[in-house]
Structure formats: C-alpha cells, structure tokens
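Trainee: Build the 3D model from these lines:
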Amino acid sequence: MTAYDDQNIFAKILRGEIPAFKVYEDDETLCFMDIMPRTDGHCLVIPKTPCRNVLDASDAQLATVMATVRKVANAARTAFAADGITLQQFNETAGGQEVFHLHFHIHPRHDGVAMRAPGQMGDMDAIKGHAEAIANAL
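Mentor: Numbering: from 1, shown residues only. The predicted structure is shown next:
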C-alpha cells in the first residue's frame, strides 16, 4: 500500500491552504462542495485524519465518516427535494480514485435526470448557494 501523501488537495483543504465551500464539520469529519459537480448539491465527506481510502481506513474512521455521510445525505435530499441519493467512493487508480484521501461523493438525484459529465468546473456562486441550502437543512 502506498503511503499517505499529506500534500493532496483534501489535506490542503483541511489545513486551510485551499478554500472550500464547507457544508458541515465536526471533530472527526468535514463535508464540502465538489467544485466540479456532477449534480446540483454534489458534496464530499472526508475524515480529518490521514487515510488514503477504504482499503487502509480504520473502523473508527469509517464509522465517523459514514455517520456524517448519512446526516448530510438526508439534508441534501431535503434541500434539493431529491428523489434519491447516489453515493460514490473510489479506491486506488484502477478503481477510479483521483484524490488519495478517503472521500465519499454525495449526489442528490431526481428521477429521469442524468448526472453531468465529470471534470467540468461548476459555477462558484451556484455551488456556494448549494452549500448554504444543505447546511440550512442540517
């Protein structure tokens, strides 16, 4: 297993070196908006402790992250009057992981509406508004 790289973008967000639209934070986890959203309300939940992915996560890291995922997913569903939620989580390059810090994607979903293509920068004002909507629903 490759060592954790503390220069990854999420580690920099945790240290305040890179700005993020924060949705929720507690002692163990952080939720912030994805700046390349595939759905309105697309956000990410990460542990505050070093961890590459599910393959090296401790039981405690997974438990705290999943509790936050559930909490934020319910709030996102409410905020966007979503019909459902898609969760995504990728492990290692072959599994589609691009940022090597454990993270879960939360996507509010509506019947008949496809997710947008990956890799497209979102509108920052809209993303900020989506963060506020989810935070207000918490």
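
Trainee: Please identify the buried residues of the helix or strand containing V69?
Mentor: In this structure, V69 sits in helix 59-79 according to DSSP states H and E. Neighbour counts using 16 or more other Cβ atoms under 10 Å place 61, 64-65, 68-69, 71-73, 75-77, 79 of helix 59-79 among the buried residues. The way it works is simple: take the backbone N, C-alpha and C, and place the C-beta from them, glycine included.

Trainee: mind checking how far the residue nearest the centre of the chain is from R116?
Mentor: Relative to the mean C-alpha position of the chain, the nearest C-alpha, by Cα atoms, centre = their mean, is the one of L44, at 0.5 Å. L44 sits 16 Å away from R116 when distances are taken as Cβ to Cβ, to the nearest Å.

Trainee: try G95
Mentor: Taking Cβ to Cβ as the measure, G95 and R116 are separated by 21 Å.

Trainee: The two: which has the busier surroundings?
Mentor: Between G95 and R116, counted using other Cβ atoms under 10 Å, the more crowded position is R116 (15 against 11).
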